[in-house]
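> predicted model, plus sequence, below.
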Amino acid sequence: MKRRGRDLVTIRRCAGFGRTNVIELQPDREPSAPEGLHTGAMTARENEPGFSVTTHHDSDPAVMVVVGELDSFTACDLRAGVAEVLGRQGTIIDIRQVPFVDSAGLGALVGGIRRLREAGGSVALCCDRSSVLRLLRMTGLDRIVDITGSPAEARQVIAGALLPA
């Protein structure tokens, strides 16, 4: 934040877009920003209340349930969820409740799958939303990881991958 005369100006670079947004605030007024624009320091938990990553360690394979938009503001939470299940024989990443994925979210997803595989685990992705499935197919992710419509199907895929050859 910068002070300029009597106005308080907040400057924040939009992640991934390379442009700067400037919001001028009058003294003694509540800060306001255009709808959809995030200001200040952000953590996904505080500023993205509809987003969560829940990891179920008690099941085999482990299940990561992702809820909410997977974007540049929430990708770090997905990475943290992946770190929790590293070393497991199998992991299901359930993104059936993810309505939107941007490039940062897709990068976190691909990176998470790669890390899980490098740690010796088998991975299956569970997704049934047509818009997200279209993105996964366009980017070729469906060729590197099995994508199923339900966790039960994903369990079968992982069980088949864990069978000795």
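Arrived safely.
> what count of nearby residues applies to the nearest residue to L86 once chain neighbours are set aside?
Computed as CB to CB, 6 or more residues apart in numbering, the closest residue to L86 that is not its neighbour in sequence is A119, at 4.7 Å. Every residue, glycine included, has its C-beta placed from N, CA and C. When counting by other CB atoms under 10 Å, one arrives at 14 neighbours for A119.
> with G112 instead?
Neighbour count of G112, defined by other CB under 10 Å: 23.
> list the contacts of it.
By CB atoms under 8 Å, 6 or more residues apart in numbering, the contact set of G112 is 78-79, 81-82, 93.
> strands - which of these land there?
Cross-referencing the contacts of G112 against strands under DSSP state E gives I93.
> for the contacts of G112, pick the one with the most neighbours.
For these, neighbours were counted using other CB under 10 Å, and I93 has the most, 27 neighbours in all.
> thought that one was touching S122?
No - counting by CB atoms under 8 Å, I93 sits too far from S122 to count as a contact (11.7 Å).
> where do the helices of the protein begin and end?
44-47, 75-85, 103-118, 130-138, 151-162 (DSSP state H).
> and the ones you listed: which comes nearest H57?
Of all the helices of the chain, it is helix 75-85 that lies closest to H57, at 7.3 Å by CB to CB.
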